[in-house]
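J.: Provided below are the primary sequence and the corresponding predicted coordinates.
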Amino acid sequence: MFNPDRNIVLLFTTRTLRLFGYGFLSVILALYLAESGINNFLMGLLFSLTLVGDAGISLLLTTSADRFGRKKTLIIGAGLMMAAGVVFILTSNPTLLIIAAIIGVISPSGNEIGPFLPVEQAMLSQLVSKDQRTGVFAWYNLIGSFSTAFGALAGGFLAKLLQSRGMSPLDSYRIVLLGYAIIGGILAAVFTGLSRECEAVQSAYPDAPRSRLGLHKSRDVIFKLSMLFSLDAFAGGFVLQSFMAYWFHVRYGADEAALGSIFFGANLLAGVSALLAVPLAKKIGLIRTMVFTHLPSNILLILVPLMPNFPLAISILLLRFSISQMDVPTRQAYTMAVVDPDERSAAAGITGIARSVGASLSPAVAGALFSVFLGAPFIIAGGLKIVYDLILYRSFKASNVSDEL
């Protein structure tokens, strides 16, 4: 596909480490909070504030990364990841956990959070040619999904193993949190190996007026995309991976090992689906690939809580994951294709922050809904995502970028 240089190898390594850590934590995070005495509503509120904090930190870091330094931005993010893990280990006090979640980097979804993805996207876009970009993003997402899968499997089985040897559930979850913090420290060390080739290049439009958010000629299209991505993420916030794990635990009594296995399989399928997006996008374009694969996955999401038993619910969930991520590399490639090289960190950051803001508003609502009807978050999420797909297609079908593949 391409001949990776040292920087690309390092970026794929950091992606692997980080997503393993997110998956490792996500399976037990809601269980840890419940075991600590935090109720469903407060748990949802904490997850919401986690994503609010992520949006604020990411806005600050990513919109200045091209000027401040991309490598330094990533090292700071890794430090915040480690710090959040340490605080979660040391206390169960809701106030302190909320503060740590706002300032630090904790992923309740098992997916990307913090400044990492936007800055790494900008680096990769710069390090490869435009015809390689979608393929590189597909492999990048495949690696991430596989890492999340193995992280979820490892976290669930480690907690179960420790409990089988006499450790309390709460203490077993703290061991997993310790692993998460250590991964943050390793991540910071690996980022120090990136070279100056990863830093921003000079603008092709040096005299263009630049906003405080780091954009110039691409401002309008990025803001429009950001609004749509925010709606999609708002819907996704109802079904964070930690929430889905908690749902299977409450609805069917699934233990930590079973939950790890479920999301191991789900994330493996998600990774493969991201890779399959490449040949499809070459045929029908980026926007059509995003929409035509996302719509059926959202119908399947609505069906999950309507299944009459555990095996069917898992089967529908896994089927949904098998096509759910085909829009991700195409979305990333499209965003990078419509901006100038020196806008890439800012563009990826702003669209990523929009997603974080959208996602931050829904977990508190989802937590409250769990006490009313367990399946409501799945149905609401799927319905809103379908609305997003239809608006996206109507708004951008005329600019169906296909020559950037």
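T.: Great, that's in hand.

J.: Buried residues, stretch 272-279. List them.
T.: Residues 272, 273, 274, 275, 276, 277, 278 are the ones in stretch 272-279 that count as buried (16 or more other CB atoms under 10 Å). The C-beta positions use only the backbone N, C-alpha and C, and glycine is treated the same way.

J.: Name the secondary structure element that contains the second one.
T.: Residue 273 belongs to helix 256-284 when elements are defined using DSSP states H and E.

J.: Run the chain-centre distance for the very next helix or strand once past that helix.
T.: Once helix 256-284 ends, the next helix or strand along the chain (criterion: DSSP H and E) is helix 286-303. The chain centre lies 17 Å from the centre of helix 286-303; the measure is CA atoms, centre = their mean, to the nearest Å.

J.: and what of stretch 44-51?
T.: Distance, centroid of stretch 44-51 to centroid of chain: 15 Å (CA atoms, centre = their mean).

J.: repeat for stretch 133-153
T.: 11 Å.

J.: Same question for stretch 123-130.
T.: In this view, stretch 123-130 has its centroid 21 Å away from the chain centroid, taken as CA atoms, centre = their mean.

J.: Repeat that for stretch 172-192.
T.: 18 Å.

J.: same question, stretch 48-56
T.: Per CA atoms, centre = their mean, the centroid offset for stretch 48-56 relative to its chain is 13 Å.

J.: got the CA positions of the helix or strand residue 176 falls within in CSV?
T.: In this assignment (DSSP H and E), residue 176 forms part of helix 169-191. Taking C-alpha atoms only, helix 169-191 is exported to CSV below (Å, rounded to 0.1, in the frame of the first residue of the first chain):
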residue,chain,number,x,y,z
PRO,A,169,-14.4,-6.0,42.2
LEU,A,170,-13.5,-2.4,43.2
ASP,A,171,-9.8,-3.3,43.7
SER,A,172,-9.7,-5.3,40.4
TYR,A,173,-11.0,-2.3,38.5
ARG,A,174,-8.3,-0.1,40.1
ILE,A,175,-5.6,-2.5,38.7
VAL,A,176,-7.1,-1.9,35.3
LEU,A,177,-7.0,1.9,35.9
LEU,A,178,-3.3,1.6,36.9
GLY,A,179,-2.6,-0.1,33.5
TYR,A,180,-4.4,2.8,31.8
ALA,A,181,-2.2,5.3,33.5
ILE,A,182,1.0,3.4,32.7
ILE,A,183,-0.1,3.4,29.0
GLY,A,184,-0.4,7.1,29.1
GLY,A,185,3.2,7.4,30.4
ILE,A,186,4.5,5.1,27.7
LEU,A,187,2.6,7.1,25.0
ALA,A,188,4.3,10.3,26.1
ALA,A,189,7.7,8.6,25.7
VAL,A,190,6.9,7.3,22.2
PHE,A,191,5.7,10.7,21.0
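
J.: Next, the buried residues of it.
T.: Buried positions in helix 169-191, judged by neighbour count with 16+ other CB under 10 Å: 169, 172-177, 179-181, 183-184, 186-188, 190-191.

J.: Next, format the buried residues of stretch 272-279 as a markdown table and append pLDDT.
T.: Shown next, in a markdown table, are the buried residues of stretch 272-279 (pLDDT from 0 to 100):
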| residue | pLDDT |
| --- | --- |
| 272 | 83 |
| 273 | 82 |
| 274 | 77 |
| 275 | 78 |
| 276 | 82 |
| 277 | 82 |
| 278 | 80 |
